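J.: Sequence first, then the predicted structure, then my questions.
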Amino acid sequence: MTNAEPMSPRTKITLLTFCFALCGTAAVVTAYVQARAEANVKPADLYAVVERQLVELRGGDYSRAYEYESRGIQRRYSVEQFAAMVQTTYPGMTQVSRAEYGPAQTNGRHATVEVYLIGPEGEVMPCVYMMVREGDAWRIEGARVMEPWPPNVRMEGIYEL
């Protein structure tokens, strides 16, 4: 057995400085990668998730619509509970004739999307979808439905000639 010579104070300081520099570099690289990932979010990717779920809801396929929900929602609700919630809390979502999309905002792994659900009689149900990035896919974490607009109210910036 050999006796190791104790580290000199200078060696300890050098080693500690190296560890701090390594941690600092890792933090900077992580922030850079997250910023790049956020910058690469295309609103169309978010809109596509909402659109696919709406298609499934219109078709009455609640189990397929449930697949677009976040893991958090899926832990809280079974498919049956999700279907019941949509039918009682969001009944208009199953009868939407089309959706129009407003601004999307991202903040790291989270995003919000303004969605205007247009009913069969021209009524508009404004919603804000809250979304979360899980792995490489965006999932729906919730939706807040606003007060519906009367039928055939024009949306700002959308005009047909």
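T.: Everything's here; your move. Numbers count the residues shown, from 1 in each chain.
J.: What strand or helix carries the residue nearest the centre of the chain?
T.: Taking CA atoms, centre = their mean, the centroid of the chain lies closest to Met131, which sits 1.9 Å from it. Met131 belongs to strand 124-134 when assigned by DSSP states H and E.
J.: Tell me how many other residues crowd Tyr68.
T.: 20 (other CB atoms under 10 Å). Where C-beta positions appear, they are placed from N, C-alpha and C, glycine not excepted.
J.: With just CA atoms, put stretch 102-113 into PDB.
T.: Provided in PDB are the C-alpha atoms of stretch 102-113 (Å, rounded to 0.1, in the frame of the first residue of the first chain):
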ATOM      1  CA  GLY A 102     -54.100  32.900 -34.800                       C
ATOM      2  CA  PRO A 103     -50.700  33.700 -33.200                       C
ATOM      3  CA  ALA A 104     -48.600  30.900 -31.500                       C
ATOM      4  CA  GLN A 105     -46.200  31.800 -28.800                       C
ATOM      5  CA  THR A 106     -43.500  29.500 -27.400                       C
ATOM      6  CA  ASN A 107     -41.600  29.600 -24.200                       C
ATOM      7  CA  GLY A 108     -39.100  26.700 -24.000                       C
ATOM      8  CA  ARG A 109     -41.100  23.500 -23.900                       C
ATOM      9  CA  HIS A 110     -44.500  25.300 -23.600                       C
ATOM     10  CA  ALA A 111     -46.600  27.000 -26.200                       C
ATOM     11  CA  THR A 112     -50.000  28.700 -26.600                       C
ATOM     12  CA  VAL A 113     -52.000  28.800 -29.800                       C
END
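J.: which of the residues in it are buried?
T.: 102, 104, 106, 111-113 (16 or more other CB atoms under 10 Å).
J.: where does the closest residue to the residue nearest to the centre of the chain other than its chain neighbours sit relative to Pro126, distance-wise?
T.: Nearest residue to Met131, sequence neighbours excluded (CB to CB, 6 or more residues apart in numbering): Ala111, at 4.4 Å. Taken as CB to CB, to the nearest Å, the spacing of Ala111 relative to Pro126 amounts to 17 Å.
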